[in-house]
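Enquirer: below are the sequence and a predicted model; questions follow.
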Amino acid sequence: MKSTRELIHLETSEKEEIVNITREVMKVVSGSGIGEGLALVYPMHTSSAVYVSDSDTSLTEDLRDVLAALVPEEGRYRHNETDHKRNATSHLKAALCGHHVVLPVTEGRLDLGTYQTIYYAEFDGTRPKEVLVKIIGE
């Protein structure tokens, strides 16, 4: 079995931003030399998430609205009392989205459905971030 590892470097311009990273992940997979296997897409930060959803960008806005309702900025969070960054909402939103995804690789390409899109959700942004893509297989 072979494996490969590559980092995707991102820097968001807003504190909260959802970015389509499908093309970047596809590029890593196609350059890996692995024909059949699995691709782990894993953000290297606890205040961000990777998820798969429909390519319709209105869902991105809906997700932001739902997360804002579930985890309001003005809420009282214990983490904000113990951590100087006071970014509890960032960590909670990331946890609700799911941290990472594992995707099938078939014939050297991501095996995604017609509308499936890979998103990086940043909840504590405006600084450099990294997403690990680890591919294992044959």
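Expert: Right, received. Where do you want to start? Numbering: from 1, shown residues only.
Enquirer: what's the following helix or strand after the helix or strand of the chain with the lowest mean pLDDT?
Expert: Lowest by mean pLDDT, DSSP states H and E among the helices and strands of the chain is helix 78-82, with a mean of 90. Next helix or strand after helix 78-82 toward the C-terminus (DSSP states H and E): helix 88-97.
Enquirer: restrict the next helix or strand along the chain from that next one to CA atoms and write it as CSV.
Expert: Sequence-wise, the next helix or strand downstream of helix 88-97 (DSSP H and E) is strand 101-106. Provided in CSV are the C-alpha atoms of strand 101-106 (Å, rounded to 0.1, in the frame of the first residue of the first chain):
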residue,chain,number,x,y,z
VAL,A,101,-14.0,13.7,5.7
VAL,A,102,-12.8,10.5,4.1
LEU,A,103,-13.5,10.2,0.4
PRO,A,104,-13.2,7.4,-2.1
VAL,A,105,-10.5,7.4,-4.8
THR,A,106,-11.3,5.4,-7.9
